[in-house]
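Here is a sequence together with a model predicted from it:
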Amino acid sequence: MTAPVSSSSTRVTRAWDVLHGVLDPEVPAISVTDLGIVRDVVEHGDGLEVVVTPTYSGCPATEVIEQAITDAVNAAGLGPARVTQRRAPAWTTDWITPQGRERLRAYGIAPPGSCASEATGANVSPIRLMARNVDCPRCGSAQTERLSAFGSTACKSLYRCVACREPFEHFKPI
Ligand SMILES: [Zn+2]
C-alpha cells in the first residue's frame, strides 16, 4: 500500500478539468466527459490512471480517444497518465450528459433518445421502439425519415427532415 498523496484531490480535479477539454475525434462538438466515457480518475504514486469505458465496441475511435486523453493529461503536467478500460457495465448513450446532448443538437446531430425510459414501459413492443421518431436537430420537426442505417460512422445513422429537407445524422441510442 502506498500512502495517499496529499495533493491528490487537486491533481485529480485538475485532470477532470483537462478531460472536459478533450474532444471526441468523431464528434468534435462534445468532449469525452460529455460522452460519459470517463468513469474515474485515480492517482497512484507513479502517475494518474484514467478509467475509460469504450463506447461502441470495436469503434475505431477508441484508440484515438485514449491517446488524446493521455496526451492532454501529460501536456497539463499531471502525468504520467495511463488509460485503462472498464468494460462493465457497458457504456450506453444514456451516459451522455444533458450538456453533451445540447452540444450534439447544436452541431446538427440528433441526440440519442433514452434507452432507459424506452425500456421501462412493459407494453412497449420492439416495433414501437423501431418506429420512434427522431426530431430534426435544425428545425425540431418530428417528420423525419431514415435514409441509411449508417452515417459518417457506424455509431450514427443518416436521416432527412421532411419539413426543412436537410439531411442530418442521428446518434444511435444503445
Ligand atoms: Zn428540419
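That came through, no problem. Residues are numbered from 1 along each chain as shown.

so where's the protein uncertain?
1-8, 56-59, 114-132 (pLDDT under 70).

where do the strands sit along it?
In the chain, the strands defined using DSSP state E lie at 38-44, 47-52, 81-85, 109-110, 144-148, 156-161, 167-171.

any idea how far the residue sitting nearest the centre point of the chain is from the ion?
With distances taken as Cα atoms, centre = their mean, the chain has Leu35 as the residue nearest its mean C-alpha position (2.3 Å). If you measure Leu35 against the ion using Cβ to the ion, to the nearest Å, the figure is 25 Å. Using the backbone N, CA and C atoms, a C-beta is placed for each residue, glycine as well.

and what of Arg103?
In terms of Cβ to the ion, Arg103 sits 18 Å off from the ion.

picking that back up, wait, isn't the residue nearest to the centre of the chain in contact with Asp24?
Yes - Leu35 is in contact with Asp24 according to Cβ atoms under 8 Å; the separation is 5.8 Å.

and this protein, which of its residues are near the ion?
Contact residues, the chain versus the ion (Cβ under 5 Å from the ion): 136, 138-139, 141, 161, 163-164.
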